[in-house]
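Asks: no FASTA, just this:
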């Protein structure tokens, strides 16, 4: 059977096994179970929290400092002018630039600089390298990797076969694969 027919049959079979709401929940479960989705969610949450810290610095320190210097509560109203009912605001541009610089400085001084210093100390030998994980941790990591290499139920439903199963390429009863001989 050609590969395209096998895939088409597997896709039709996936629809026959699950239909309606259970199929949607299985797809959602498979999506959520992937590590990338969880890492992305953590990154978004940390980014939002970091944005709140930057906003607090802007509103609690930089804003009052600007108000004391320019007599305005923020830079958006500083150096603005109107030409033919079009309002130009140099202060708005300066405000965005200042927020960017504060964010970049915070990332550099709070994250990049300490990590670079730690890497330099490790390179000089002043800071110990992290110890190798214990045997039980290594065993758990091996189990995790084996479980991760198994196909998800969605893949099995889509293709109708389990990779590595008897009768499939690479399965236990498949003939051994030899590398091609080099051309003379």
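Replies: Nice, I can see it. Quick caveat, the model's predicted, so the values are computed rather than measured.

Asks: is the residue nearest to residue 67 when sequence neighbours are not counted part of a helix or strand, or is it coil?
Replies: The shortest distance from residue 67 to any non-neighbouring residue, by CB to CB, 6 or more residues apart in numbering, is to residue 73 (5.1 Å). (Glycine included, C-beta is placed from N, CA and C.) The local conformation at residue 73, judged by DSSP: H, G, I helix; E, B strand; the rest coil, is coil.

Asks: just for this structure, where's the confidence low?
Replies: 1-20, 32-37, 126-130, 160-184 (pLDDT under 70).

Asks: strands of that one, residue ranges please.
Replies: 80-83, 86-89 (DSSP state E).

Asks: report the buried residues of the last one.
Replies: Which is strand 86-89. Buried residues in strand 86-89, counting neighbours by 16 or more other CB atoms under 10 Å, are found at residue 89.

Asks: show me what it is packed up against.
Replies: For strand 86-89, the packing partners by 3 or more CB pairs under 8 Å, 6 or more residues apart in numbering; DSSP states H and E come out as strand 80-83.

Asks: quick one: list the elements packing against the strand it packs on.
Replies: Against strand 80-83 (3+ CB pairs under 8 Å, 6+ apart) you get strand 86-89, helix 90-107.

Asks: please identify the most buried of these.
Replies: Comparing the helices and strands packed on strand 80-83 by mean neighbour count (mean count of other CB atoms under 10 Å), helix 90-107 comes out on top with a mean of 14.

Asks: any chance you could list what contacts that helix?
Replies: For helix 90-107, the external contacting residues (CB atoms under 8 Å, 6 or more residues apart in numbering) are 50, 53-54, 57-58, 62, 72, 74-80.

Asks: from residue 134, how far off is the nearest residue to residue 133 once chain neighbours are set aside?
Replies: Leaving aside its sequence neighbours, residue 133 sits nearest to residue 141 (CB to CB, 6+ apart; 7.2 Å). According to CB to CB, to the nearest Å, residue 141 and residue 134 sit 11 Å apart.

Asks: do residue 119 as well
Replies: Note on residue 119: its distance to residue 134, by CB to CB, is 25 Å.

Asks: so which bits of the longest helix along the chain are buried?
Replies: Secondary structure assigned by DSSP state H gives helix 35-57 as the longest helix of the chain. By 16+ other CB under 10 Å, the buried positions in helix 35-57 come out as 54, 57.

Asks: and the angle for it with helix 90-107?
Replies: Here the directions of helix 35-57 and helix 90-107 differ by 120 degrees (axes from the mean of the first three to the mean of the last three CA atoms, to 10 degrees).
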